[in-house]
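Chemist: Sequence first, then the predicted structure, then my questions.
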Amino acid sequence: MKLGKCFKHAFNMVLHSKLRSWLTITGIVIGVRRSNCDRIDRDGMQQTLNSQLNALGGDIVTISPGFERGGDFS
């Protein structure tokens with residue numbers, strides 16, 4: 001099938017399947033926006049975590065499994 005015929009066929013499918021086309025476009029838009037929101041949320045959480053860890057004053061944080069509560073920092 002030639003490229004021009006493929007585009008014509010695709011355009012005709014969009015025209016004749018309007019509901020499916022709009023649902024597809026809506027799904028793509030929602031997916032892209034969700035991906036951007038996730039990235040923004042992740043960046044915000046990382047900045048918050050970094051600022052909270054910097055407030056502790058230490059350069060090294062050790063995380064060990066098996067403890068239910070942290071040590072006494074006072």
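Modeler: Ah, there it is.

Chemist: For the rest of this, base every contact and every neighbour count on C-alpha atoms.
Modeler: Fine.

Chemist: where do the helices sit along the chain?
Modeler: Under the criterion DSSP state H, the chain contains helices at 3-16, 18-55.

Chemist: Dump these to a markdown table, plus mean pLDDT, mean neighbour count and distance to Pro65.
Modeler: Output for the helices of the chain, formatted as a markdown table (pLDDT from 0 to 100; neighbours: other CA atoms under 10 Å; distance: least, CA to CA, whole Å):
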| stretch | mean pLDDT | mean neighbour count | distance to Pro65 |
| --- | --- | --- | --- |
| helix 3-16 | 89 | 11 | 55 |
| helix 18-55 | 88 | 12 | 18 |
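
Chemist: closest to Thr62 out of these?
Modeler: Using CA to CA as the measure, helix 18-55 is the one of the helices of the chain that comes nearest Thr62, at 11.5 Å.

Chemist: could you give the angle of the closest one to helix 3-16?
Modeler: Relative orientation of helix 18-55 versus helix 3-16 (axes from the mean of the first three to the mean of the last three CA atoms, to 10 degrees): 90 degrees.
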